[in-house]
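Trainee: Below: sequence and its predicted model.
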Amino acid sequence: MTTPILKKLYYTLARIRRFEEKIVEIYPFGKIRCPVHLCIGQEAIAAGVCAHLRRTDHMVSNHRNHGHLIAKGAALTPMFAELFGRTGGCSGGKGGSMHMIDSDHSSLGTSSIVAAGLPIALGTALASRIRRQKRVSVVFFGDGAVDEGTFYESLNFARLHRLAVIFVCENNFYSLNSPQKLRHANMAIHKITGFFSMPGFCINGNDVIEVWKSAGPLIERARRGQGPALIEAKTYRYYAHDGITDDTDKGFRDRRELSAWMKKCPVASFKDYLLKKAGISQEIISGIDRDIDAEIQEALDGALSSPYPGMDDLNVGVY
Ligand SMILES: Cc1ncc(C[n+]2csc(CCOP(=O)(O)OP(=O)(O)O)c2C)c(N)n1
Ligand SMILES: [Mg+2]
C-alpha cells in the first residue's frame, strides 16, 4: 500500500470519527432534534470500501449513514445543516440524520426502513447496465437486514442478472436490542451467498487495511461485468442503537463486551500501525487531525448560519 492511500484511509477514518464526536458533544444542547444512529467503532468499513469507489459509483446506505456519506466524499456543512433542520441541509433540512443525500457523489439517499437499500442498489445497477455505464453500486446494511425477505430476493436478482452490486453487511451483532444469535439460524451471513453462487467473504470490519484489500478486487470484478459479491464485516458500535448513551444498562449487552471491542478501535489501531509499521510520523497524523478539526468548526459555523425552512416551504418535498 502506498503512503497516499494510507494517509487517505486515516483521513477518512478520522473525519468520520470527529464528525460524530462533535455530534455527541453538541447533542445535549438541543440544536439537533432528530434521532442519531452513530457509527463510532464501525468507521473502517465505510473508509476501506469507499476508498475504491469513483465519484459516479452509486452508494446506498441506511439509518446509520454518516460514515458512508463522509467516506464517499460528502461535504460536512450540508450534513451538519441537515442535522440542525436548516435549509442548507443536504435534504433541505427536512430529512434529518436518517435521510441524508449527496447526489454530487452519487450517494443516493438513505432510508430507515431496514433492508430497503438493497433493492434500490439493484435498481441503480440495472440502470447502469442498461445505459452501458461501468458504474458499481455499493449498498451498506446491518445484520438486521438479513432478517428481511428482501435481502434474499436481492441477492438472487443481482446474481441472476450479474449486476455490479457489492453488498456490504456491517455485522455489529445487534439489530436494535436483539442479538444476532437469537435471530439467525446460521450466524455466518457470508455463507448465504453459496446458494446463489456468489463470492462471499467474512472479514474483520475493524481493520481498515483488511477491508480495503478485500473490497478492491470485488469492486473491480463487478466493474468488469463479472457480477455481485457480498462482504460480511464484523464490527461493533460504541454507542446505543440511537442517541449518545452507551445502552449497557438496558440488559442486552454488557459493559465487558463493549470494553473488549473498544480495545479494537479501528481508528486507534490504524494510527498505531501507521506510526509503528508504516513510517508515518506523529507530525503528519496531527496535521491531518488539525485540518479535520478546522473543517468541522467551519462546517458547524456554516450550518448554524443557514436559516430554518419558512412556513411557505412546509409542504414542499414532503410526501
Ligand atoms: C422494516 C423495518 N423493521 C423494523 C424497523 C425498526 N428498526 C430500526 S433500526 C433496526 C435495527 C437494524 O439493525 P441492523 O440492520 O443490524 O443495523 P444497526 O442498527 O445494527 O446498524 C430496527 C429493527 C425498521 N426501521 N424497518
Ligand atoms: Mg446490527
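Mentor: Ah, there it is. Ligands and ions are numbered 1, 2, ... in the order given.
Trainee: And Glu295, its phi and psi?
Mentor: Dihedral pair for Glu295: phi -60, psi -40, per degrees, to the nearest 10.
Trainee: you'd agree it is up against Leu76?
Mentor: Yes. Look at Glu295 against Leu76 with CB atoms under 8 Å: they come within range, at 6.2 Å. Placement of C-beta: from N, CA and C, glycine included.
Trainee: what about the two, which has more around it?
Mentor: Between Glu295 and Leu76, counted using other CB atoms under 10 Å, Leu76 has the larger neighbour count: 22 against 16.
Trainee: what's the neighbour count on the closest residue to the more buried one other than its chain neighbours?
Mentor: Excluding the flanking residues, the one nearest Leu76 by CB to CB, 6 or more residues apart in numbering is Ala299, at 3.7 Å. Neighbourhood size, Ala299 [other CB under 10 Å]: 19.
Trainee: Surely Ala299 touches Phe84?
Mentor: No. Under the criterion of CB under 8 Å, Ala299 makes no contact with Phe84, lying 11.0 Å away.
Trainee: how about stretch 162-172 as PDB, C-alpha atoms only?
Mentor: Only the C-alpha atoms of stretch 162-172 are listed here, as PDB (Å, rounded to 0.1, in the frame of the first residue of the first chain):
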ATOM      1  CA  ARG A 162     -24.900 -10.400 -12.900                       C
ATOM      2  CA  LEU A 163     -25.400  -6.900 -11.700                       C
ATOM      3  CA  ALA A 164     -22.400  -4.800 -10.500                       C
ATOM      4  CA  VAL A 165     -23.600  -4.600  -6.900                       C
ATOM      5  CA  ILE A 166     -21.400  -5.000  -3.800                       C
ATOM      6  CA  PHE A 167     -23.400  -6.000  -0.700                       C
ATOM      7  CA  VAL A 168     -21.700  -4.800   2.500                       C
ATOM      8  CA  CYS A 169     -23.100  -6.200   5.600                       C
ATOM      9  CA  GLU A 170     -21.900  -4.400   8.700                       C
ATOM     10  CA  ASN A 171     -22.400  -7.100  11.300                       C
ATOM     11  CA  ASN A 172     -22.400  -5.500  14.700                       C
END
